[in-house]
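S.K.: 3D, please:
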Amino acid sequence: MAEHIQQVKHLRNGDIATETTHITDDTASAQSPSAVAARLVWFIAGVIIVLLAIRFLFILLGANQGNGFVDLIYNASYPFAAPFFGIFGYTLHYGISRFELSTLVAIGIYALIAWGIARLITIRHGTTYQ
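M.R.: Purely as a prediction, here's the structure:
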């Protein structure tokens, strides 16, 4: 954390008194290792959440799994969505328009986990870096 020192001289009864003030630069504290780690956690969580959001949108619209990009999204997001399939009695059907509630739950859970990890990393600072 960078500090700027400001010195002010005061004249009191003929004597010169020096007052020193330490001013901390909050932008420099954003470069601390814990802040960088917290931003990395949020970046990874953001990638996972975006994959799951695109998956949700594709399944909601009944996207064709035969398309290469759609298949890539389904395959990349499957490991993150699969643990939540059993919550609402899920059967896997691609190409059929459906509201996949378990994917929305997964998005919420991953966001909560990322927030918790980032908060633990930056807990000694008293503020969270996102």
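S.K.: sec struct for the spatially most central residue of the chain, please.
M.R.: Central residue of the chain (C-alpha atoms, centre = their mean): residue 42, 2.5 Å from the mean position. Under the three-state scheme (DSSP: H, G, I helix; E, B strand; the rest coil), the conformation of residue 42 reads as helix.
S.K.: Roughly how far does it sit from residue 79?
M.R.: Between residue 42 and residue 79 the distance, using C-beta to C-beta, to the nearest Å, works out to 20 Å. Where C-beta positions appear, they are placed from N, C-alpha and C, glycine not excepted.
S.K.: tell me the contacts of residue 73?
M.R.: The neighbours of residue 73, taking C-beta atoms under 8 Å, 6 or more residues apart in numbering as the test, are 51, 54, 55, 58.
S.K.: Using CSV, please lay out the residues you listed together with neighbour count and secondary structure.
M.R.: Conversion of those to CSV gives the following (neighbours: other C-beta atoms under 10 Å; DSSP: H, G, I helix; E, B strand; the rest coil):
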residue, neighbour count, secondary structure
51, 22, helix
54, 18, helix
55, 24, helix
58, 22, helix
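S.K.: Cool, thanks, signing off.
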